[in-house]
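> here is my input, please return the structure:
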Amino acid sequence: MSNTKVKKSFFHKLRNKYRLAIFNEQTYEEVWQMRLSRLNVFTVVGSSAIILVLLIILLIAYTGLREYIPGYPDGDQRRMLVRNYNRVDSLVAEIEKRDKFFESIKAVVQGEVPPSEEEMLQDNGISKPQKVDFEISKEDEAFRQRVEAEEKYNLAVLPEGKMIPELNQIYFYSPLKGIVVKEFRESESHYGIDIVAKPGDTVLSIMDGTVIFSGWTVETGYTMMVQHSSDLISAYKHNAKLLKKAGDKIAAGEAIANVGNSGELTTGPHLHFELWYQGNAVDPTKYIIFE
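Model prediction:
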């Protein structure tokens, strides 16, 4: 009974209400007062302590303050750990390769057949890749045929006005100094420019390259095409004479042809010049000065 009375008296004391008041020392007027109990004080203090601890934990976990905790590695140490891990992994791989090499030499010295690459992969737990055959559905085959039929005669041309940064870094020789009488026009399927000059004027190569075509066509007459580095191809059409043949190596600025009026698609002496980059026709006037 005594224990029960003690417990009741303890909880009763926790719930007892007290008044906390603040008085003016001069007039003894009550300025502020608050009613509270011991249980309220314990609850408020405990909740505040828990919230404070949680805020400190979050602050340390998601900010750089955690690096100031003794024993916690800083950024440089973590980067060093990752770098050392990669180095150790590379060393382990090199040691495994060395061991396999020594095993192969040992087998050859003893007159045995060294293990094949497939056996080595199986020993390392790597299974041999299997060939997978994919079946083409009728819908996929019909779609593929339709796309091929639509794109069969299409020429890839870059959007009008678009500059290519890679070509801006290359110095091109002008193939011919003259007046550009017809510009690059995609809408008219004119994938180059026409430069008027005197008959017999020398046509130069814009870059180092290899002649991939040098001959006669009905529409463009004496035509030459040169393969350059950086996925570039230059074409020179309607010439009077070709100075290089297919397979010749030419240097930048070297003479390759003479201006003429050959072929059916011409109305006077001029050079039709085209520049192709990665299979796309580009406007030469954006990268080369002709006048």
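> dihedrals phi and psi, Leu176?
Here is the backbone geometry of Leu176 (degrees, to the nearest 10): phi -160, psi 130.
> ok, it touching Gly200?
No - the pair Leu176 / Gly200 is not scored as a contact, 11.7 Å apart, by C-beta atoms under 8 Å. The way it works is simple: take the backbone N, C-alpha and C, and place the C-beta from them, glycine included.
> comparing those two, which residue is more hemmed in?
Between Leu176 and Gly200, Leu176 has the larger neighbour count (other C-beta atoms under 10 Å), namely 18 against 11.
> which residues does that one contact?
Applying C-beta atoms under 8 Å, 6 or more residues apart in numbering to Leu176 gives the contacts 195, 197, 201-204, 259, 271, 273, 290.
> just the buried residues of these.
Among these, the ones that count as buried by 16 or more other C-beta atoms under 10 Å are 195, 197, 201, 203-204, 259, 271, 273, 290.
> from these, which one has the minimum pLDDT?
Minimum pLDDT for the buried ones among the contacts of Leu176 is recorded at Phe290 (84).
> in three-state terms, how would that one be classified?
At Phe290 the chain is in coil, as set by DSSP: H, G, I helix; E, B strand; the rest coil.
> just the helices from this structure, written as ranges.
2-15, 38-61, 75-109, 117-123, 138-150, 165-168 (DSSP state H).
> so which of those comes closest to Glu29?
Minimum separation from Glu29 across these (C-beta to C-beta) falls at helix 38-61, 25.8 Å.
> show me what counts as buried in that closest one.
In terms of neighbour count (16+ other C-beta under 10 Å), helix 38-61 has no buried residues at all.
> show me the contact partners of that helix.
Residues contacting helix 38-61 (C-beta under 8 Å, 6+ apart): 13-16, 18, 65-66, 69.
> can you say which two of the residues you listed are spatially most distant?
Checking the contacts of helix 38-61 with C-beta to C-beta, the most distant pair is Asn16 and Arg66, at 44.7 Å.
> the two: which is more packed in?
Arg66 (13 against 10).
> show me this protein divided up by domain.
2-58, 165-286 (automatic domain parsing).
> so which of these is the most surrounded?
domain 165-286 (a mean of 17; mean count of other C-beta atoms under 10 Å).
> what's the spacing between the residue lying closest to Val226 once chain neighbours are set aside and Leu176?
Spatial nearest neighbour of Val226, excluding adjacent residues (C-beta to C-beta, 6 or more residues apart in numbering): Gly209 at 4.3 Å. Gly209 is 17 Å from Leu176, where distance means C-beta to C-beta, to the nearest Å.
> and what of Asp194?
As for Asp194, its distance to Leu176 is 11 Å (criterion: C-beta to C-beta).
> can you list residues touching both of these two?
Common contact partners of Asp194 and Leu176 (C-beta under 8 Å, 6+ apart): Leu271.
> burial measure for Ser90, as a count.
The burial count for Ser90: 10, using other C-beta under 10 Å.
> what does Asp99 give?
10.
> ok, it to Asp89 distance?
Counting by C-beta to C-beta - Asp99 and Asp89 are separated by 16 Å.
> cool, Glu103 as well?
According to C-beta to C-beta, Glu103 and Asp89 sit 21 Å apart.
> same check, this time on Asp208
Distance from Asp208 to Asp89, by C-beta to C-beta: 44 Å.
> figure out which of the domains of the chain is closest to Glu112.
domain 165-286 (49.7 Å).
> from start to finish, how long is the closest one in a straight line?
Taking C-alpha to C-alpha, to the nearest Å as the measure, domain 165-286 stretches 11 Å from start to finish.
> distance from the chain centre to that domain, please.
How far domain 165-286 lies from its chain's middle: 33 Å, per C-alpha atoms, centre = their mean, to the nearest Å.
> quick one: the strands in the stretch 151-291 of the chain?
179-182, 193-196, 202-204, 209-217, 221-228, 232-242, 249-250, 255-259, 270-277, 280-282 (DSSP state E, counting those that start in this stretch).
> so who does the nearest residue to Phe213 once chain neighbours are set aside touch?
Excluding its sequence neighbours, the residue lying closest to Phe213 (C-beta to C-beta, 6+ apart) is Met225, at 4.1 Å. Taking C-beta under 8 Å, 6+ apart, we find Met225 in contact with 211-214, 233-236.
> recalculate using a threshold of 10 Å.
Shown in contact with Met225 (C-beta atoms under 10 Å, 6 or more residues apart in numbering): 209, 211-215, 233-237, 246, 274, 276.
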